[in-house]
Each structure stands twice: as structure tokens, then as C-alpha cells.
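> next one to model:
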Amino acid sequence: MTNWDETLLQADDGVPLLFRWYGLTPTDLSRGTILLTHGLGEHSARYLHVAEFFRQQGYEVASHDLRGHGRSGGRRGDARGFRRFLDDMEVVIREVERRRREREGPLFLYGHSMGGLMVVRFLQERRSDRVAGGVVAAPWIRLAFSPQWWKLALAGMARFVIPGYRQITGLDTTRLSRDRAFAEQLPGKELGHHLISARLFYDIHLSCQSALEEAGHCELPLLLLHGKADPVTSPLATEELFSRLASRDKTLKLYPDMVHELHNDLNREAVLADIAGWLSVHAAR
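Prediction:
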């Protein structure tokens with residue numbers, strides 16, 4: 001596994017954010033940079049193999065632990081609004097630009113699950129000319145299941161009275177990948193959590209609605225990927241998002257038997273190869 005640099009960045013509101021940088025050697029020719037964004041309850045160390053794959057393809061890779069996750073600061077599973085995550089992405093992108101200032105090549109955003117929603121909303125709201133395109137894997141646009149009614153009712157009341165009230169997500173992690181042996185050996189199990197606050201859940205829900213309603217604002221190249229057997233986030237919602245996107249350069253890849261974590265599932269090599277192929281075409285423009 002390639003070595004990486006770690007540092008703590010400071011969010012605009014002072015929360016420390018763990019940042020990882022997987023750089024190339026000074027003599028290597030960079031094809032571009034990828035910013036990886038993880039999902040709810042996990043952390044960026046679970047993507048070391050993904051970062052290594054793309055580094056070997058000639059890309060510099062950056063990632064960070066979201067606030068309330070991994071080794072970043074903040075209350076586990078809580079944030080004062082989904083927008084805080086997007087603000088943190090701005091901080092991370094500034095650090096990426098600082099590190100790649102002597103390099104040429106485009107910057108791509110790559111997000112999984114809630115990280116996929118973050119990429120979509122960032123491209124819709126921020127419309128940054130610093131970003132060349134996005135890779136969105138198994139995005140949280142809608143859940144593939146209906147949460148228990150009493151949990152929704154409790155969260156609905158709590159967000160007005162105790163907005164930081166947290167519940168257990170109840171996510172069965174054994175359903176994230178069909179390759180249990182591979183998933184079990186991923187680092188940092190102690191850094192994960194299964195919590196979400198009332199305010200964060202409802203703000204994610206609103207952000208999902210906005211992602212569909214404002215799909216016309218997304219004009220950059222996009223690659224959307226989803227496993228059709230995903231038990232966590234809805235592949236049908238990803239298809240709906242794809243159909244609404246204004247971008248003239250959009251691609252949808254559906255994998256019939258794959259589940260939520262495409263990068264950790266059986267046949268993950270084919271998924272990463274699909275992403276690498278898309279990046280290669282767009283990095284050359």
C-alpha cells in the first residue's frame with residue numbers, strides 16, 4: 001500500500017477535519033486529481049485500496065473524514081445541517097489546490113452513498129470551475145427500504161425539541177458487500193458508527209429532494225453507478241436522477257447482482273475499471 005500524508009484541516013466553524021493525500025513522485029506525470037468522499041457512518045481509511053488503484057493509474061488522490069466521522073471532530077452522526085458537509089468540501093478542495101499547484105490536470109469528485117449525494121449537491125449549488133466532473137456511486141437519493149414508522153415519528157418530534165437527538169441507524173453491515181472476507185479486513189472498524197441525529201436525517205431528506213428537483217443545474221460530466229441489488233440506497237432513484245440531469249455528458253452504469261459498496265463487492269475490479277475508463281477519457285480533454 002502506498003504511503004500517504006495526513007494532516008488536520010480546520011473547518012470554517014473550527015471543527016478539525018482529518019485530510020489524507022496520496023501523492024505521486026515529483027517525476028511522475030499526473031493525469032489529474034480525485035477527491036474521494038465516503039458515506040454515513042464510515043471513514044476514509046476504508047478507501048485506501050481505492051486510492052491505491054487510482055494512484056497506480058496516474059492520479060493523485062485526496063480524501064477526508066467527514067465531520068462527526070472517523071478521526072475528524074464533531075459529534076458522531078450529527079451535523080448542524082447538510083450544508084456543513086459542503087462547506088467542509090470547500091476547505092478540502094482549497095487544500096487539494098494548494099498541494100497540486102505545480103501539477104496540471106483536472107480535478108474530479110468521487111462520492112459513495114451519502115458522499116455521492118454530497119458530490120451531486122456540491123456540483124448543483126457551488127458550480128465550481130475548479131471541478132471537471134463527478135463520479136457518483138450508489139448515491140443516497142432515496143433509501144431502498146422504509147425506516148420503521150416509530151423511528152420516523154420519534155425523529156420528527158425530536159428535531160423540534162432536541163434536534164441533536166441520535167438514533168441507531170439499524171444498518172446491517174453484512175449486506176453492504178457480498179465479499180465478507182474482503183470487507184472484514186478493511187481497516188479502522190473501531191472508527192465507524194451507526195448513529196444519525198434527527199436534524200441530520202431530515203436535512204439529508206431535504207437534500208435528496210433538492211438533488212432531484214435541481215438536477216437541471218448539474219451540467220458537468222457525470223458518471224453514475226449503482227448495484228441493482230442494493231438493499232440500502234435506491235437504484236431506481238439513481239435512474240430518475242440520471243434522466244433529469246441537464247448534463248450532455250452523462251453516463252449511467254447499473255450492475256445487476258451488485259449491492260451497496262460497489263468498490264468492496266464481488267466484481268469490484270470491473271467497477272473500478274469502468275471508473276478508470278471514464279476518467280481516462282475525461283482527463284484527456
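> give the contact list for E219.
E219 sits next to 246-248 when contact means Cβ atoms under 8 Å, 6 or more residues apart in numbering. Where C-beta positions appear, they are placed from N, C-alpha and C, glycine not excepted.
> swap in A11?
17, 67, 84, 87-88, 91.
> would you mind measuring from it to E97?
Shown here: A11 relative to E97, a distance of 17 Å by Cβ to Cβ, to the nearest Å.
> cool, E261 as well?
29 Å.
> neighbour count for these two, which is higher?
Neighbour totals were compared for E261 and E97, and E261 leads with 28 against 12 (other Cβ atoms under 10 Å).
> what sits up against the helix or strand of the chain with the lowest mean pLDDT?
Least confident helix or strand of the chain, by mean pLDDT, DSSP states H and E, is helix 149-161 with a mean of 74. Helix 149-161 is contacted by residues 165, 167, 170, 198-199, 201-202 when judged by Cβ under 8 Å, 6+ apart.
> tell me the helix or strand right after that helix.
Heading C-terminal from helix 149-161, the first helix or strand you meet, by DSSP states H and E, is strand 166-168.
> okay, buried residues for that next one please.
Neighbour-count burial for strand 166-168 flags 166-167 (criterion: 16 or more other Cβ atoms under 10 Å).
> what strands flank that strand, and is each parallel or antiparallel?
Here strand 166-168 is paired, per DSSP bridges, with strand 195-197 (antiparallel).
> packing partners of the strand or helix carrying I34?
With elements taken from DSSP H and E, the one containing I34 is strand 32-37. Strand 32-37 sits against helix 48-56, strand 59-64, helix 83-99, strand 107-112, helix 114-125, helix 268-283, with contacts defined as 3 or more Cβ pairs under 8 Å, 6 or more residues apart in numbering; DSSP states H and E.
> kindly reformat these as JSON lines containing mean pLDDT and distance to A229.
Below are the helices and strands packed on strand 32-37 laid out as JSON lines (pLDDT from 0 to 100; distance: least, Cβ to Cβ, whole Å):
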{"stretch": "helix 48-56", "mean pLDDT": "96", "distance to A229": "21"}
{"stretch": "strand 59-64", "mean pLDDT": "97", "distance to A229": "27"}
{"stretch": "helix 83-99", "mean pLDDT": "96", "distance to A229": "28"}
{"stretch": "strand 107-112", "mean pLDDT": "98", "distance to A229": "16"}
{"stretch": "helix 114-125", "mean pLDDT": "97", "distance to A229": "17"}
{"stretch": "helix 268-283", "mean pLDDT": "98", "distance to A229": "14"}
